[in-house]
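Peer 1: how does the following fold in three dimensions:
(one chain, ligands or ions: 1)
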Amino acid sequence: MKDAQPDPNWNPRTRLVHGGSRRSQYGEVSEALFLTQGFVYPDAETAEARFIDAGPDEFIYARYGNPTVRMFEDRIAQLEGAEDAFATASGMAAVNGALVACLKAGDHVVSARALFGSCLWIVETLLPRFGVEVTFVDGADLAQWEAAVRPDTRLVFLESLSNPTLELVDITAVAAVAHRHDALVVVDNVFATPIFQRSLELGADVVIYSATKHIDGQGRCLGGVVLGTRDFIRGTLEPYLKHTGGAMSPFNAWVMLKGMETLDLRCRAQAETALKLARAIEGHPKVRRTLYPGLPGHPQADLAARQMTAGGTVLALDVHGGQAAAFRVLNAMKIALISNNLGDAKSIATHPATTTHQRLDPAAREHLGITPGLIRLSVGLEDGDDLVADLLQALDAA
Ligand SMILES: *Cc1c(COP(=O)(O)O)cnc(C)c1O
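Peer 2: Predicted coordinates:
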């Protein structure tokens, strides 16, 4: 049977279609959905042996691993250039798993302040409850990282691009600071996508995705994944996740596998349209700021050019007139849906100050640039000209 073994010469598009495939004795073309919790052993001796040391094609229980889930893990590991991956029930199960699996009371963590809401809750509220000390920094300010990382820092955590203001963190520079003290660099790479930012090559040790976003890309299933060295994934992370129940469902893994086949095409088309939209509204009289890392006028355009191969699939705009004007724009858009997901085939508009970042106090929102007029726009697969026309007519309503 012709099974797709990782070939170092394959380019990403080929890995996305064939990577990690495991064919059964039937030789199916499309990846099989092994919707099973358990696995049968031919005899008691085999069961005993498998509990001592399971081989790569031997499974015990779906909370530990499953063939369809393993196909997804192998495929994304091959795309990312990671030694291994562990798939999780959601992006947050991945973030929680990666952080909690390697921290203990007394450890110190340095984290960028601009985080996805639930990531912030884990770092700011949960970890200190278990005796982990956390120092927050402005991710774009390297001097703050240098001042915050100390000999007892166990890990640093960041999102680049950040949500929702699309700020970059210089991953290579932060990794140099962290590695001086043997701290692990954990990057939530959701907004940048595996297509546009190779965080492991930039210096990250562990990369996390919410597969719910671009990897599914069609708004169906929750999922997440943690990528890193085999030692970290199987030695540190797997024991935590397999015993605490964060595993991805085989059905969701199957959906994610099919999503990966078109991931590169979708991300590129969405990023191209995002750039087109950003250009169309840059300098518009109703718009105070257009935030998109692919624009030459972005304050971190140089870093974006070094660190990413495109500006991503999300842009943000800050309209004059505050919340009332932002609401008028959201309500006037005919194509983009008012929702809070991103990376979807359908364009989605979000008002972060009143939804995803509502929990923050006003001073914290202001510090992060989450102004009342800020709209986050996740650009979908619709026709770019249609989206530009729709956004321009909606801005008239502001
Ligand atoms: C969505 C998201 C998460 C959480 O993912 P879920 O799949 O919703 O649990 C974590 N980090 C970032 C940056 C996200 O956008």
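
Peer 1: straight-line length of stretch 75-85, end to end?
Peer 2: 9 Å (CA to CA, to the nearest Å).

Peer 1: next, the buried residues of that stretch.
Peer 2: If you call a residue buried by 16 or more other CB atoms under 10 Å, then stretch 75-85 has these buried ones: 75, 76, 77, 78, 79, 80, 81, 82, 84, 85. Just so you know, the C-beta spots here come from the backbone N, C-alpha and C atoms, and that holds for glycine as well.

Peer 1: what's next to that stretch, contact-wise?
Peer 2: Under the criterion CB atoms under 8 Å, 6 or more residues apart in numbering, residues 6, 10, 12, 15-16, 19-21, 73-74, 87, 194, 198, 200-201, 207, 209, 215, 225-230, 232-234, 257, 260, 263 lie in contact with stretch 75-85.

Peer 1: mind checking which of those land in helices?
Peer 2: Filtering the contacts of stretch 75-85 for membership in helices, criterion DSSP state H, returns 12, 15, 16, 73, 74, 194, 200, 201, 230, 257, 260, 263.

Peer 1: closest one of these to the ligand?
Peer 2: The nearest member of those to the ligand, counting by CB to the nearest ligand atom, is residue 194 at 13.2 Å.

Peer 1: just the buried residues of the contacts of stretch 75-85.
Peer 2: Burial of the contacts of stretch 75-85 was assessed by neighbour count (16+ other CB under 10 Å); the buried members are 10, 12, 15-16, 19-21, 73-74, 87, 194, 198, 200, 207, 209, 215, 225-228, 232-233, 257, 260, 263.

Peer 1: which of the residues you listed come close to the ligand?
Peer 2: Checked against the ligand using CB under 6 Å from any ligand atom, those yield no neighbours at all.

Peer 1: model confidence over stretch 177-184, on average?
Peer 2: In this model, stretch 177-184 has an average pLDDT of 98.

Peer 1: same deal with stretch 48-67?
Peer 2: Computed over stretch 48-67, the mean pLDDT rounds to 94.

Peer 1: first-to-last residue distance for it?
Peer 2: Where stretch 48-67 starts and where it finishes are 20 Å apart, if you go by CA to CA.

Peer 1: what's it in contact with?
Peer 2: Residues external to stretch 48-67 that are found in contact with it (CB under 8 Å, 6+ apart): 22, 32, 34, 36-39, 41, 69-70, 238, 242, 245, 247, 249-250, 253.

Peer 1: same thing but 10 Å
Peer 2: 22, 24, 31-39, 41, 43, 46-47, 68-70, 72-74, 86-87, 238, 241-250, 253 (CB atoms under 10 Å, 6 or more residues apart in numbering).

Peer 1: filter those residues to the buried ones?
Peer 2: Of all the contacts of stretch 48-67 considered here, the ones buried according to neighbour count by 16+ other CB under 10 Å are 22, 31-34, 39, 68-70, 72-74, 86-87, 238, 241-242, 246-250, 253.
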